[in-house]
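J.: return a 3D structure for these sequence lines:
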Amino acid sequence: LIPLPASPPRPSAPLPIALPERYDGNPDQYRGFLMQVGIYVQEHPEMFTTSGAEVRFTISLLTGRAREWATALWSDSSPLLRSGSEFHHTLMEVFDHPVVDTGHTPSCYRWELCILKM
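T.: Model prediction:
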């Protein structure tokens, strides 16, 4: 008997990942939003070949106060728009709960203050 050739491995199908939910600036939902964006970006690297693409994707998911904050950055052509890590770090400073245990509060713990600083 002639053995049959082994069947080639099936290509793995991409993991179906839903688009992240829109984010309105609610501090209680910030970390979940950032996690969803991170998962989506990791599972679709072909869509995010530049750091700016990740920023634009994140901005497209913002609503309410968060969109107003990003609009101010966009209007000023902020350098934050070119770096996904810097953009997300600043987004965290503005919209995540301030750190209270260490006595250090981010300078932009309220979005209104950040817009005034720009």
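
J.: check the burial of residue 43 by counting its neighbours.
T.: Residue 43 has 12 neighbours, counted by other C-beta atoms under 10 Å. Bear in mind the C-beta positions are built from the backbone N, C-alpha and C, glycine included.

J.: distance check, it against residue 15.
T.: Relative to residue 15, residue 43 is positioned 6 Å away (criterion: C-beta to C-beta, to the nearest Å).

J.: got it, and residue 68?
T.: 33 Å.

J.: among the two, which residue is more densely surrounded?
T.: residue 68 (14 against 9).

J.: for that one, give me the backbone phi and psi.
T.: Taking degrees, to the nearest 10, you get phi -60, psi -40 for the backbone angles of residue 68.

J.: before we move on, what about residue 37?
T.: With angles defined as degrees, to the nearest 10, residue 37 sits at phi -60, psi -50.

J.: got the contact list for it?
T.: The contact partners of residue 37, taken as C-beta atoms under 8 Å, 6 or more residues apart in numbering, are 20, 54, 57, 58, 61, 88.

J.: the same query, at a cut-off of 6 Å, please.
T.: 20, 58 (C-beta atoms under 6 Å, 6 or more residues apart in numbering).

J.: ok, residue 60 to residue 42 distance?
T.: Residue 60 sits 18 Å away from residue 42, going by C-beta to C-beta.

J.: the protein: strands as residue ranges?
T.: With DSSP state E as the criterion, the chain has no strands.

J.: any regions of it where pLDDT drops low?
T.: 1-14, 98-118 (pLDDT under 70).

J.: show me where it has its helices.
T.: 30-43, 51-60, 64-75, 84-95, 111-117 (DSSP state H).

J.: of all those helices, which one comes closest to residue 24?
T.: Closest approach to residue 24 among the helices of the chain (C-beta to C-beta): helix 64-75, 3.6 Å.

J.: and the spatially closest residue to residue 39 that is not a sequence neighbour, how many neighbours?
T.: Leaving aside its sequence neighbours, residue 39 sits nearest to residue 17 (C-beta to C-beta, 6 or more residues apart in numbering; 6.1 Å). Counted with other C-beta under 10 Å, the neighbours of residue 17 add up to 13.
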